[in-house]
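In: Provided below for reference: sequence and predicted model.
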Amino acid sequence: NAGVIQTPRHKVTGKGQEATLWCEPISGHSAVFWYRQTIVQGLEFLTYFRNQAPIDDSGMPKERFSAQMPNQSHSTLKIQSTQPQDSAVYLCASSSHWYQDTQYFGPGTRLLVL
Amino acid sequence: GQQVKQSSPSLTVQEGGISILNCDYENDMFDYFAWYKKYPDNSPTLLISVRSNVDKREDGRLTVFLNKSGKHFSLHITASQPEDTAVYLCAAPQGGSAKLIFGEGTKLTVSS
């Protein structure tokens, strides 16, 4: 079991560019979560999917952030027109069951927007 | 507002002592409470969790105490070791949802 896989591990973009982050959840897990970690805000929820369906995107900045899960083996988080304040570690997690279950986190993607 | 709050950003404990980490929450609909451990430059990993139908759960050196009337839960680590040095994050899912609301974290340092 390789755990949750996230690529790339590091990404540097210029202001205004697009960034796409990838997540491969643990095989067989039904729920996939995206979180963002910064020194100022700590660990914040962004969005999650259950059985590939988007369930809650209440943490997503509405205009530039989007997430998809086209199949059970991967999810993407896309940030359009990146801004310096988007710099953070983006963490993907998956869990076997969607509720009250252990969330297993990937290693994260460290995004730096210059 | 911050629904899950850890008021102590740091804690230092002597090796062999008891580490007590605290977390307060606002929403009395929370029914699942978790503690995650995070090393620098690593992702959080679940240490222990408890559902709201119990007041206490033990697992080896770890014990979670839940005080529902006080909207408070804590993690006790007995016989603290230097390898326990890490950031500890408390978390609870927002009412009926799977998404976790995390506290700010407490950096525990166990000195030898």
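Out: Perfect, thanks for sending it.
In: CA only for contacts and neighbour counts going forward, please
Out: Will do.
In: thought B:N67 was touching B:N53?
Out: No: contact criterion C-alpha atoms under 8 Å: B:N67 and B:N53 do not qualify, at 11.0 Å.
In: and these two? which has more neighbours close in?
Out: B:N67 (15 against 10; other C-alpha atoms under 10 Å in any protein chain shown).
In: how about the contacts made by residue 49?
Out: With no chain named, the answer covers chain A. The contact partners of A:F49, by C-alpha atoms under 8 Å, 6 or more residues apart in numbering or on different chains, come to A:31-33, A:55-56, A:69.
In: that's the wrong chain, I wanted chain B
Out: Applying C-alpha under 8 Å, 6+ apart to B:S49 gives the contacts B:32-35, B:57, B:64.
In: quick check, B:V13 in a strand?
Out: Yes: B:V13: assigned to a strand according to DSSP: H, G, I helix; E, B strand; the rest coil.
In: is it bridged to anything, and to what?
Out: Under the criterion DSSP bridges, B:V13 forms beta bridges with B:V110.
In: what's the spacing between it and chain A?
Out: 24 Å (C-alpha to the nearest C-alpha, to the nearest Å).
In: over to B:S19?
Out: 22 Å.
In: go on, B:K71?
Out: 18 Å.
In: list the beta-bridge partners for the residue lying closest to that residue once chain neighbours are set aside.
Out: Spatially, and ignoring its direct neighbours in sequence, B:K71 is nearest to B:Y25 (5.4 Å; C-alpha to C-alpha, 6 or more residues apart in numbering or on different chains). As for beta bridges, B:Y25 partners with B:V4 under DSSP bridges.
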